[in-house]
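**Q** Build me a model from this:
(chains A, B, C, D, E, F, G and H, ligands or ions: 10)
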Amino acid sequence: MAKELWKGNEAIAEAAVKAGCKYFFGYPITPQNEIPEYMSARLPQVGGCFLQAESEVAAINMVYGAAGSGARVMTSSSSPGISLKQEGITYIAGAELPCVIVNIVRGGPGLGGIQPAQSDYFQSTKGGGHGDYRLVVLAPSSVQEAVDLVQEAFDIADQYRNPVLVLGDGMIGQMMEPVEFTEVKKRKLPEKTWATVGTGGKREHNVINSLFIDPAECEKHNFRLFEKYKEIEKNETRVETYNLEGAEIVFVAYGTTSRIAKNAINSLAKEGIKAGLIRPITLWPYPHEAIEEAAAQASVKAFLSVEMSMGQMVEDVRLAVNGKKPVHFYGRTGGMVPTPKGIVEEAKKILGGAK
Amino acid sequence: MAKELWKGNEAIAEAAVKAGCKYFFGYPITPQNEIPEYMSARLPQVGGCFLQAESEVAAINMVYGAAGSGARVMTSSSSPGISLKQEGITYIAGAELPCVIVNIVRGGPGLGGIQPAQSDYFQSTKGGGHGDYRLVVLAPSSVQEAVDLVQEAFDIADQYRNPVLVLGDGMIGQMMEPVEFTEVKKRKLPEKTWATVGTGGKREHNVINSLFIDPAECEKHNFRLFEKYKEIEKNETRVETYNLEGAEIVFVAYGTTSRIAKNAINSLAKEGIKAGLIRPITLWPYPHEAIEEAAAQASVKAFLSVEMSMGQMVEDVRLAVNGKKPVHFYGRTGGMVPTPKGIVEEAKKILGGAK
Amino acid sequence: MAHEIIMAGFGGQGVMAMGKILAEAALKEGKNVSWLPSYGPEMRGGTANCNVIISEEPVGAPIVTEATAAIVMNRPSLDKFEKDVVPGGALIINSSLIDQKATRDDIKVYYVPANDIANELGTGKISNMVMLGAYLAISGATKEDTIMEIITEIFSGKKASVIPLNKEALVRGAACVK
Amino acid sequence: MAHEIIMAGFGGQGVMAMGKILAEAALKEGKNVSWLPSYGPEMRGGTANCNVIISEEPVGAPIVTEATAAIVMNRPSLDKFEKDVVPGGALIINSSLIDQKATRDDIKVYYVPANDIANELGTGKISNMVMLGAYLAISGATKEDTIMEIITEIFSGKKASVIPLNKEALVRGAACVK
Amino acid sequence: MAVVFEKTKGLTDKPFHYCPGCTHGIIHRLVAEVLEELNLVEKAIGVAPVGCAVFAYDYFNCDMQEAAHGRAPAAATGIKRVNPDCAVFTYQGDGDLASIGAAEIVHAAMRGEKITTIFVNNAIYGMTGGQMAPTTLVGQKATTAPFGRQEDHAGMPLRVSEMLATIPKAVFVERVSVHDVKHIVQAKKAIKKAFQAQMEGKGFTLVEVLSTCPTNWGKTPVEALKWLEENMIPYYPLGNFRNTEEVK
Amino acid sequence: MAVVFEKTKGLTDKPFHYCPGCTHGIIHRLVAEVLEELNLVEKAIGVAPVGCAVFAYDYFNCDMQEAAHGRAPAAATGIKRVNPDCAVFTYQGDGDLASIGAAEIVHAAMRGEKITTIFVNNAIYGMTGGQMAPTTLVGQKATTAPFGRQEDHAGMPLRVSEMLATIPKAVFVERVSVHDVKHIVQAKKAIKKAFQAQMEGKGFTLVEVLSTCPTNWGKTPVEALKWLEENMIPYYPLGNFRNTEEVK
Amino acid sequence: MGKVTFDENKCKGCELCTTVCPVKIVVMDKDRINVKGYHPATVKEMDKCTGCASCARICPDVVIRVER
Amino acid sequence: MGKVTFDENKCKGCELCTTVCPVKIVVMDKDRINVKGYHPATVKEMDKCTGCASCARICPDVVIRVER
Ligand SMILES: Cc1ncc(C[n+]2csc(CCOP(=O)(O)OP(=O)(O)O)c2C)c(N)n1
Ligand SMILES: Cc1ncc(C[n+]2csc(CCOP(=O)(O)OP(=O)(O)O)c2C)c(N)n1
Ligand code: SF4
Ligand code: SF4
Ligand code: SF4
Ligand code: SF4
Ligand code: SF4
Ligand code: SF4
Ligand SMILES: [Mg+2]
Ligand SMILES: [Mg+2]
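**A** Numbers count the residues shown, from 1 in each chain, chains lettered A, B, ... in the order given. Ligands and ions are numbered 1, 2, ... in the order given. Just a heads-up that it's a prediction; the model follows:
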């Protein structure tokens, strides 16, 4: 099938449908409105159901109910709406319900702005909700990758009974790029015997729940969750590396920012400065090893975490580098986007300093 | 004034009243109910107002309105309720409104349990809401310290126009300990010329807001916020150290867990094993330096972060130690509380390993 | 040496109050104290318990995991807490409601027919004071007089009539373990 | 060499459509492309703009900060984007609505009376096609034929009548810069 | 001898955790009996609230979900849209439904979600220890209204059934009570009608049940029933506010 | 010559950002005129919503707060409790008030918060580009209801004034329109009464104003006024639903 | 002529059943305590029982079974 | 006998004012474009103006001032 130009938001929605998503519950917010809008027209065609919820809080709890009934279900929002969903998200993680949540991030804090940002990294990866839990966080850097990751997100969610967050930004959502919808390789997924669909008199009643009033039980539940998270770390960590060989400085960047970093790498190359890139594709599980290896690499003098935030992922970079090399940060925030030039200058400053 | 036995929750409420808190908006949730209950009887006596909101979401937005009008205002909740407040909290941080938020943490994720926990550390310190912002996070380890910190919390909030989170756990809230209410030393606080109290025709209208539709403006706002946060880091970081001299292993623990760690230190001492404690009193700003110093200390073979979680603060310990010494984690979660014995055994295992 | 006490029984047997009175008295005597209750949702018929720590040093963890004494007012509490008493520690059993005997022999066990005594005194309500009296006699954690001062403060005004009754309960309890 | 174009004007002048058509054509010619619109809340009368990148290599950042060409349809857009053109790059100005001249001399500047031409052709609506025609003539970013293929796909069916008009607009635009 | 009354198969064998005399138990039983009588146990999916009835998921013998506080109608919406042929119900207290969950219940009604909501109004927050509810009567004491609810400070109690009856797609709305056997029988009739209307696809259905909280009212179970009759019913008149006949 | 009409001092000099012919501008002006006429500009505190009126904080010449989406009544509650003598009002759209903010408005009304809410019902989400609102009419197209709102799928529009009028402490509730000069004059009268009732401490007051969204309705401003009159008013009857006379 | 049987250990001693019996034969057994620690309800003169099931209908804990 | 003045550059050309004038003297000036890029409203025969202020009352952008 030939490539077609797709707008990020609409491509994400279509990818979900192709992945068998039949239910979508959401609430409007810029810059992700094309996702619910597309779903409202598309889902009825596949016998699914789109519902505009009264709020993000209601939307995430509708997702809870639908996921608890075993459906492939998605919701999407942008930063403020995702903050409202935090209680629902920790319930979903606690009850181990598979679903896909899309956050097309905008500037914050508060009402902030509507332009692209990456300042929800902490919320996404460390858990914005209460309690010990993890979301699988996928960070596409192009519309094509968004399409591929969204389709896989549903499989990951079902395989581990865990919510998966697709973290984009206003650029991913709004821009058009050529897309080819390709089948993701099928995983063998467990049957959803736990789903509430009526007992049909054939089994004990199923219960979807996150309450464990006996603390010993609650702790056991947490231990089980973290066994599962270990599995996910083992199987699902993804990273792209670029130009690391002989690199003096390694940029770490995800999503659209990584593309800007690549431009910077190429112009630095023209000036004879070797820079490389580590692009986490999964923000959780985080690709610590790739960074550790780069940190051990002799040529590498320093790391530069480039983000559209005041410095959030840089903490995970530091944790991975663990003191072996200096780790620096360069970021723009509030809807401002780093320029290749800005990154280049920062890199030179650091290497100048590191010399 | 003689010491009196006070229940943690009630002492926190009385401390707020003594600090001039006149408004409280909250919603019931175990294990913090004594705070709103006490306020409902107490605030009318001081000409203040207690209101039970329809939800945590409403409560935090009532706090927004009252704080925006320049009042000393507080809200309290426990984990799930705090998750619901995340949007409101980032609005308050974004609009730079001073207020005090109390979280008496319980086990999670989801509905979880109602017993003591520390699994909301990430949410509290990294920002559970969207965007780049910080809360000042105070973690008392006794009812007396809770009383002292709550009173100071209001001053810190007013001095920096920033929300302050007091992070306790079910034990702090429920236990009784001797308390003496002492005046906190007065700070000279800026006048609240920005508050919405009616122009009185004497000035331009005041606007309380977190929206900056122009990304350049939004970024500038973020830069200003982070200038402020630097100030706070410089002035407000607090930590207690115990027994560090000659310590082979350093426990890092906050809140009630630090007291259990002290018991462990004392029984280790009996066995001739030197263990020390670093107790962060402010979880943000985090006392990195105290830990760095300990990491540089020759006697120290390893660090052990002890938490009532699956391992959250341990990341800040690692960031501070920055690879200079091994950092280990020991935790119980879901409402289970570490025992001195458990910590002792863990410490011996580590030292055994480290030898 | 610090006193670390577990007090447990049915909700309504007054274990929480007993713990508070002890803690108040110890505080009055200038000791460091902590009182930590079990808490939970409104589910009746469960066992209520509290931990009291009395010490010359500042109190460490407020949770008692190695009790110098356990006061158990009903059967489930005995089953639950007997194991938490340190060797050589005291286990005080309300023999009025617990026919069962203690299983350990490395601790001191006392049987106090608290409800029977309380009923003799005219009200089952003060069985907790009987147990407290016994505990004081065994441990000397605080002076009986200090306890009475606290009780007197609590029952000031028209409830004052019950003060002698409480006194009597303490004495009778103490007598059981002499 | 990659084409990095900024297209800007009033909402309603068809800059978004112009950008999409160009991107579609480039894609049809097997190039790598990206199209990034400005977006915002419903506030009318603002300037709309989009970035189009056409390249043999995979597209890096979809934002154009160093434009090989800027197509400005109104005065605010000229003021805003003139500085973003790389030295030697092209600045195409809709002289029908912009009396102002460009201030830089290190870039190639073209004045195209797009609205006047469009009006001559009978509808102001296709001023964007006039500008696009001029741009193609200057840059050769895509073949004019490919653009026409795309336009033909868009206006299939009864709207087909407008196809020749668009063709004409492209030609007239190109003529202005020959 | 024939059995005239025994435990319904709509309930599991797990004993209720409720306080002595708490009428939550009666209401559970009525719902379960209706499910059995309408042959819905096998195709029913219930949603438990956060409240004293949080453990309802252990008591109802059908598939159950435990929803976040106040969000049962949203969860039920997700469930019903996925399982249009199932009998989906929420069981919610007055704090859960009328306070934190006010938006969710209003919008489930507005959409005409084909679910049945059992709304247990006991004029208090039971689970958390007796705080004021939106339904707490003026003058009634609560742990967060120590001087009794004051009209000028906290307003007047919310009449949920009357409010929801203004919503077109709320096709069945009735308020009942369980303070005596006669009313218990009527309550069951209303619950049955509601489930029938749901299965006929008519729209949103709700039964408000006046219930007791002896523990937090500080009354014996018997006194509590009397207090309900004498104090709640005058402010919360029993009766049908919406029924499918009106709604053609 | 005497001035018969000029810009009120209740407004700043900042030009509105609204689309051509959007009646938000008319409603702003009416509120500002009432504030001026009642001498409340200096003691008024307004709360802007999240919606097209988000920038209202720049237009009203009194102290203002910008509240989170739907939470204006909660913010206003905090403000009013701190400033009991001030005139506190919220200005909210139908998405803000009737959808995400449904719980907050119901409870502000239940408590009888002494505030005035200006509820701008334009049957659509304007700011975000024309998605369905709870007030969107059956059959009306929206970007999230591409085939028009379908009753069986999304229910029927919420009549907010009728619903809130069931709440005892909602002492003034009236629905007005601004589709012609006569109704604009009436709308202003209602807004004035509401503020007067607030300042008399009677309780919660709300004026629902039917408004246009030419941009997202896909109509010219003139067509939009006509569409409002012919389509909205039949479903949303104008009139007073609650006034302080009834409430003695 | 009816017969009622009590699942005694589920009884919480709330006494509601005792208030609804038309022939007043349901009473609390003050001499006995069940595993839950409550005085359970019981019937004195079973032969008077009409089998009306009122007691069972008001029992919140489904303790009572009625035959006729 | 009234007089209306338009704060022309605030006009968005919505035409609402033109629909309410009892004497139909408010029209759009198709020959001119204001800074916002709209054809502004204006009055042809001012002497016909009754000063009723209808145009001002319906103007969403407070463009019009009326004297009489
Ligand atoms: C988000 C959140 N807020 C608050 C709570 C605490 N909470 C548990 S139950 C409850 C109220 C219960 O009252 P009601 O709904 O009337 O049920 P009842 O116990 O009276 O049957 C509350 C506030 C919670 N679990 N989650
Ligand atoms: C929590 C949250 N959810 C969603 C949004 C996005 N949003 C902004 S305005 C709006 C709705 C506006 O519609 P309405 O309230 O009817 O006001 P109008 O624009 O029609 O005047 C929405 C959903 C947001 N800013 N915050
Ligand atoms: S607290 Fe009240 S509502 Fe809850 S179980 Fe006990 S009596 Fe019933
Ligand atoms: S989008 Fe609609 S509501 Fe918003 S300003 Fe434009 S016309 Fe008015
Ligand atoms: S069945 Fe009727 S008559 Fe028999 S015991 Fe029960 S209430 Fe009394
Ligand atoms: S009603 Fe049921 S629980 Fe209550 S006393 Fe009678 S049998 Fe026991
Ligand atoms: S004031 Fe009246 S008469 Fe004069 S222009 Fe305006 S509408 Fe026409
Ligand atoms: S109503 Fe106002 S904005 Fe509209 S055309 Fe007339 S003057 Fe201009
Ligand atoms: Mg209740
Ligand atoms: Mg609207």
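**Q** mind listing the helices for chain G?
**A** G:16-20, G:54-58 (DSSP state H).
**Q** Serialize these to JSON lines and add fields for mean pLDDT and distance to A:Asn266.
**A** The way it works is simple: take the backbone N, C-alpha and C, and place the C-beta from them, glycine included. Compiled in JSON lines, those are given as follows (pLDDT from 0 to 100; distance: least, CB to CB, whole Å):
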{"stretch": "helix G:16-20", "mean pLDDT": "98", "distance to A:Asn266": "81"}
{"stretch": "helix G:54-58", "mean pLDDT": "98", "distance to A:Asn266": "81"}
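**Q** export the ones you listed to JSON lines and tack on mean neighbour count?
**A** Compiled in JSON lines, the helices of chain G are given as follows (neighbours: other CB atoms under 10 Å in any protein chain shown):
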{"stretch": "helix G:16-20", "mean neighbour count": "23"}
{"stretch": "helix G:54-58", "mean neighbour count": "25"}
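**Q** all helices in chain E, in order from the N-terminus.
**A** Along chain E, the segments classed as helices by DSSP H run E:24-37, E:56-59, E:72-82, E:94, E:102-111, E:151-154, E:160-164, E:181-199, E:214-217, E:221-227, E:233-235.
**Q** oh sorry, the question was meant for the stretch 151-300 of chain A
**A** Here the stretch 151-300 of chain A has its helices, by DSSP state H, counting those that start in this stretch, at A:170-174, A:215-236, A:256-270, A:288-296.
**Q** and among those, the most buried is which?
**A** helix A:170-174 (a mean of 29; mean count of other CB atoms under 10 Å in any protein chain shown).
**Q** So is that one next to ligand 2?
**A** No: if you take CB under 6 Å from any ligand atom as the test, helix A:170-174 misses ligand 2, and the best it gets is 13.5 Å.
**Q** Next, see if that helix gets close to chain D.
**A** Yes: residues of helix A:170-174 contacting chain D under CB under 8 Å from any CB of the partner chain: A:170-171, A:174.
**Q** quick one: contacts for residue 7?
**A** No chain was given, so I picked chain A. A:34, A:143, A:173-176 (CB atoms under 8 Å, 6 or more residues apart in numbering or on different chains).
**Q** wait, I meant chain G there
**A** By CB under 8 Å, 6+ apart, the contact set of G:Asp7 is G:62-65.
**Q** swap in E:Ala194?
**A** Counted by CB under 8 Å, 6+ apart, E:Ala194 has contacts E:116, E:172, E:174, E:205-207.
**Q** Identify the farthest-apart pair in the residues you listed.
**A** Largest separation among the contacts of E:Ala194 by CB to CB: E:Thr116 and E:Glu174, giving 11.3 Å.
**Q** Looking at the two, which has the bigger crowd around it?
**A** Between E:Thr116 and E:Glu174, counted using other CB atoms under 10 Å in any protein chain shown, the more crowded position is E:Thr116 (28 against 24).
**Q** so E:Lys219 makes contact with E:Leu228?
**A** No: between E:Lys219 and E:Leu228 there is no contact under CB atoms under 8 Å: 9.7 Å.
**Q** Give me the more crowded residue out of the two.
**A** Set E:Lys219 next to E:Leu228 and count neighbours by other CB under 10 Å: E:Leu228 wins out with 26 against 17.
**Q** What's the local residue count around the residue lying closest to the more buried one once chain neighbours are set aside?
**A** Leaving aside its sequence neighbours, E:Leu228 sits nearest to E:His179 (CB to CB, 6 or more residues apart in numbering or on different chains; 4.7 Å). E:His179 has 24 neighbours, counted by other CB under 10 Å.
**Q** wait, E:His179 sits on E:Val222?
**A** No: counting by CB under 8 Å, E:Val222 is not a contact partner of E:His179; they are 10.4 Å apart.
**Q** roughly how far apart are E:Ala98 and E:Thr143?
**A** In this view, E:Ala98 and E:Thr143 are 18 Å apart by CB to CB, to the nearest Å.
**Q** Looking at those two, which has the bigger crowd around it?
**A** E:Ala98 (28 against 21).
**Q** hang on, that one packs against E:Arg159?
**A** No: counting by CB under 8 Å, E:Ala98 stays clear of E:Arg159, with 9.5 Å between them.
**Q** Next, the nearest residue to A:Ser79 once chain neighbours are set aside: secondary structure please.
**A** In space, A:Ser79 comes closest to B:His130 once its chain neighbours are excluded; the distance is 3.5 Å by CB to CB, 6+ apart. With DSSP: H, G, I helix; E, B strand; the rest coil as the basis, B:His130 sits in coil.
**Q** pretty sure B:His130 contacts A:Pro80?
**A** Yes: judged on CB under 8 Å, B:His130 makes contact with A:Pro80 at a distance of 6.2 Å.
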